[in-house]
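In: Pasting the sequence and the predicted coordinates here, then a few questions.
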Amino acid sequence: MRFFLPRYSMVNETHFLRSFYEIATSIGGTLDLEIMCRAALNAFHRKLNCHSSALICALKNEHYLYIATGNKSEIYPEIIKKLKNHQLSGLGHLLFQELEGNLSHAVFELPNFGVLVLTHDKSSKDLDYLKYDQDLIILNHNLAAAAIACIKNQELRNAELAAQKALKVKSNFLANVSHELRTPMNAIMGFTSLLQRKNTESRQIEFCKRINESANLLMSLINDMLDFNNLENKGKKSGYNTFNLKEEVSKLLAPMQKFAEVKGINFILSFAPETDNQIATDIKRLSQVLTKIVDNAVKFCGDGDTVHVQCLAKPINSETNEYLLGFSITDTGPGIPKLFQDTIFEPFQKDHSLIQNKNQGAGLGLALCKKIISHMGGEIFLQPSAVGCHIEYTWPCIIETTKPINDLILDDKRKRILVVDDNDINRETLGGLLQVYDADICFATNGLEAINKCQQTDYDLIFMDCHMPVMSGLDAVKVIRNLSSRYQRIPIIAVTADMTSSIKEACHKAGMDKLLSKPLKEDHLVELANRFIQNSA
């Protein structure tokens, strides 16, 4: 059976093929499906003198969607009905022809997409369509491929938007859960510290110790989850500090070394000469990773085992003072089973043969370490070891020649402390922990009240909650900083259960000097407060 396309002004075969070529060039150039389809249909309309044209896309072989140009015809729904009962070959041939009065509808297959419908006025001279069958097949394949590429691009875009939305929901959920958990945990840990301080009965002191251990374990999990999420979203920027690497690492690992000695573990800490330098990197992240890995080693080792921590440094760019730090943590403990070694840096992976260990965590620690190290531009490896475990990782840094800036120390005459928090339990907890200092401690319940108190009294240290009714701590600090030249330089410490990167940045912009996270740990509070006030007790 031969199909004819009427009313075609180009009787010259060369002109006909040139029209095919010009139509082909109009296909592509965009990943927007509607724009691409209309450009192609307009080309068919102009070059082949179509009365109208349409692209009909089959969706799951049940529903059809068409994009038309020119004079739309009521026959398109009839063609769609016929398509539902028509077996597509996937080759791109002319499928069938429908006649409607003076109009002829030629229906071509677009492989894996749908069909192309070209409508012509049949009152003119006929032209043999099958003569150009192979050229049309190529054209139809190209058109189908371009349309499918547009659809795939839109699907990817939709998936990306959905993933971004899901990540935002997850981040908000974790941030809210973290905030809500930190507030009651602040009371648990704070009052437990006060009970330990004032109680002399050994059994009750032991109970308080167990409560603190459990609370610390829970807070560690909360912090790890929030940190892991922030790094996964790549939303957390690193802050650089200048410090002496050898001194800082020695100070950081000193408590672990003492704990290891109590357990009968031989703890060895060694440094290469290059590590005794001022370096610039994110000290918080560096400490976080080293602490977690060394803590794991000490945790699973026992009497007679050895933990060896090595710190190395080598230059990678002498002109820019770039160095690559190397850390090696080796232990002679039970090691990691071979079955487990390939997934040890993946989240929530735990060795269930050690599940009876009461210190076994949620399996986020090493996964978080890998995230942080990658975030900083380094790498982490589990090295083969006949006995125990051997972990190595690298950490880029810069050698600094400038001297570090010392923390501000207040003289012993500055003894007025203002605690601002809308939660009475938080005020009582912080006030109780600060009683070890010979200071006048005052309280305010919101930012506006804090401003009024600062206008009446010269405080030497302010602890400010961020989220409060009436006026937030962030807004209050901006006002307090402008009250007088004195208030421009006194230390203001943010106290918050919201530890997202956005609140940290907001605290810095508002004029906060330091940030304390809830729940407050007594040792952290004392360490920070000692930087600003002298204990005259």
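Out: Thanks, I have it. Numbers count the residues shown, from 1 in each chain.
In: For the rest of this, base every contact and every neighbour count on C-alpha atoms.
Out: Noted.
In: so what's Ala476 closest to, chain neighbours aside?
Out: Leaving aside its sequence neighbours, Ala476 sits nearest to Gly447 (C-alpha to C-alpha, 6 or more residues apart in numbering; 4.8 Å).
In: The one you found is in contact with Phe463, isn't it?
Out: No. Contact status for Gly447 versus Phe463: not in contact, 11.3 Å apart, counting by C-alpha atoms under 8 Å.
In: Phi first, then psi, for Gly302.
Out: Here is the backbone geometry of Gly302 (degrees, to the nearest 10): phi -130, psi -170.
In: on that earlier part again, how many neighbouring residues does the residue nearest to Ala476 have?
Out: Neighbour count of Gly447, defined by other C-alpha atoms under 10 Å: 28.
In: swap in the one 3 residues further on?
Out: Here the count is done by other C-alpha under 10 Å, and Ala450 has 24 residues near it.
In: And for Gln310?
Out: By other C-alpha under 10 Å, the residues close to Gln310 number 15.
In: which residues of the stretch 401-537 of the chain fall in helices?
Out: Assigned by DSSP state H, counting those that start in this stretch, the stretch 401-537 of the chain shows helices spanning 424-433, 447-456, 473-480, 501-510, 522-529.
In: Please identify the deepest-packed of these.
Out: helix 473-480 (a mean of 21; mean count of other C-alpha atoms under 10 Å).
In: And it, how far out from the chain middle?
Out: 30 Å (C-alpha atoms, centre = their mean, to the nearest Å).
In: And for Gly29, the neighbour number?
Out: Gly29: 11 surrounding residues under other C-alpha under 10 Å.
In: what's near enough to touch it?
Out: Applying C-alpha atoms under 8 Å, 6 or more residues apart in numbering, we find Gly29 in contact with Met36.
In: Where does it sit: helix, strand or coil?
Out: The assignment at Gly29 comes out as coil when based on DSSP: H, G, I helix; E, B strand; the rest coil.
In: still on that earlier bit, please convert the helices of the stretch 401-537 of the chain to JSON lines, extending it with distance to Thr281 and mean pLDDT.
Out: Below are the helices of the stretch 401-537 of the chain laid out as JSON lines (distance: least, C-alpha to C-alpha, whole Å; pLDDT from 0 to 100):
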{"stretch": "helix 424-433", "distance to Thr281": "32", "mean pLDDT": "86"}
{"stretch": "helix 447-456", "distance to Thr281": "35", "mean pLDDT": "93"}
{"stretch": "helix 473-480", "distance to Thr281": "28", "mean pLDDT": "93"}
{"stretch": "helix 501-510", "distance to Thr281": "18", "mean pLDDT": "84"}
{"stretch": "helix 522-529", "distance to Thr281": "21", "mean pLDDT": "74"}
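In: Of those helices, give the one that comes closest to Glu206.
Out: helix 522-529 (17.1 Å; C-alpha to C-alpha).
In: Can I get the closest one in PDB, CA atoms only?
Out: C-alpha atoms of helix 522-529 as PDB (Å, rounded to 0.1, in the frame of the first residue of the first chain):
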ATOM      1  CA  GLU A 522      30.700  21.700  83.900                       C
ATOM      2  CA  ASP A 523      34.200  21.200  82.700                       C
ATOM      3  CA  HIS A 524      33.600  23.100  79.500                       C
ATOM      4  CA  LEU A 525      31.900  25.900  81.300                       C
ATOM      5  CA  VAL A 526      34.800  26.200  83.800                       C
ATOM      6  CA  GLU A 527      37.400  26.100  81.100                       C
ATOM      7  CA  LEU A 528      35.600  28.900  79.200                       C
ATOM      8  CA  ALA A 529      34.800  31.000  82.300                       C
END
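In: So what touches it?
Out: Against helix 522-529 from outside (C-alpha under 8 Å, 6+ apart): Gly190, Ser193, Leu433, Leu516.
In: Show me which residues of the strand or helix carrying Arg210 are buried.
Out: For Arg210, the enclosing helix or strand under DSSP states H and E is helix 202-232. Under the neighbour-count criterion of 16 or more other C-alpha atoms under 10 Å, helix 202-232 has 205, 208, 211-212, 215-216, 218-219, 221-222, 224-231 buried.
In: cool, stretch 322-335 as well?
Out: 322-333, 335.
In: Same check on stretch 190-204?
Out: For stretch 190-204, burial by neighbour count (16+ other C-alpha under 10 Å) applies to Gly190, Phe191, Thr192, Ser193, Gln196.
In: Which residue ranges of the stretch 51-200 of the chain form helices?
Out: Along the stretch 51-200 of the chain, counting by DSSP H, counting those that start in this stretch, helices occupy 75-84, 133-198.
In: Let me know the distance separating the nearest residue to Ile205 once chain neighbours are set aside from Phe443.
Out: The spatial neighbour of Ile205 that comes closest, neighbours along the chain excluded (C-alpha to C-alpha, 6+ apart), is Gln196 at 5.5 Å. According to C-alpha to C-alpha, to the nearest Å, Gln196 and Phe443 sit 24 Å apart.
In: Same question for Pro469.
Out: 15 Å.
In: which one of the two has more residues nearby?
Out: It is Phe443, of Pro469 and Phe443, that has more neighbours when counted by other C-alpha under 10 Å, with 20 against 13.
In: got a list of what the nearest residue to that one once chain neighbours are set aside touches?
Out: Using C-alpha to C-alpha, 6+ apart and skipping the chain neighbours, the partner closest in space to Phe443 is Val419 (4.8 Å). Residues near Val419 by C-alpha under 8 Å, 6+ apart: Arg427, Leu430, Gly431, Ile441, Cys442, Phe443, Ala444, Ile462, Phe463, Met464.
In: Thanks a lot, see you next time.
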